[in-house]
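Asks: Let me see the structure of the following:
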Amino acid sequence: MAQITLPDECAAITGGQCSLTLSAENYRDLRAMLVQQWPDLDVLLDRYAVAIDGQIYQDAFMEPLNEDSEVFFMPRIEGG
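Replies: Next comes the predicted model:
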């Protein structure tokens with residue numbers, strides 16, 4: 001089961017839950033589960049990059065998740 005940490009901004013949508021434990025094969029499946037439970041997260045999560053086990057991704061859809069993975073959402077890195 002992966003440990004998921006959502007941005008504080010999501011608390012209003014998730015009923016105050018910003019820390020979740022879910023099982024998913026990859027990030028795409030994880031995001032689909034989150035959006036299925038809370039459809040309003042779909043657009044909001046587009047504004048965030050994701051860190052999976054310490055590696056930051058702007059787009060991580062096919063990145064695999066292990067049962068001990070940690071997934072954090074953070075503001076996207078723009079420009080450069």
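
Asks: excluding its backbone neighbours, what's nearest V50?
Replies: Nearest non-adjacent residue to V50, counting by Cβ to Cβ, 6 or more residues apart in numbering: A60, 5.0 Å away. Using the backbone N, CA and C atoms, a C-beta is placed for each residue, glycine as well.

Asks: Tally up the residues packed near that neighbour, please.
Replies: 20 (other Cβ atoms under 10 Å).

Asks: Equivalent analysis for M62, please.
Replies: A total of 10 residues lie near M62 under the criterion other Cβ under 10 Å.

Asks: who does the closest residue to it other than its chain neighbours bridge with?
Replies: Distances taken as Cβ to Cβ, 6+ apart put N26 closest to M62, at 5.6 Å, once the chain neighbours are dropped. Beta-bridge partners of N26, counted by DSSP bridges, are P64.

Asks: my read: N26 touches F61, true?
Replies: Yes: N26 lies in contact with F61 (Cβ atoms under 8 Å); the separation is 7.2 Å.

Asks: Show me the strands in the chain, by range?
Replies: Along the chain, counting by DSSP state E, strands occupy 2-5, 19-22, 48-52, 55-57, 70-75.

Asks: The fourth one - contacts with which helices or strands?
Replies: Helices and strands in packing contact with strand 55-57 are listed as strand 48-52; criterion 3 or more Cβ pairs under 8 Å, 6 or more residues apart in numbering; DSSP states H and E.

Asks: pull the CA atoms of the strand it packs on into CSV?
Replies: Taking C-alpha atoms only, strand 48-52 is exported to CSV below (Å, rounded to 0.1, in the frame of the first residue of the first chain):
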residue,chain,number,x,y,z
TYR,A,48,0.8,19.8,-9.1
ALA,A,49,3.9,17.8,-9.8
VAL,A,50,4.3,14.5,-8.0
ALA,A,51,7.2,13.0,-6.1
ILE,A,52,7.3,9.2,-6.0
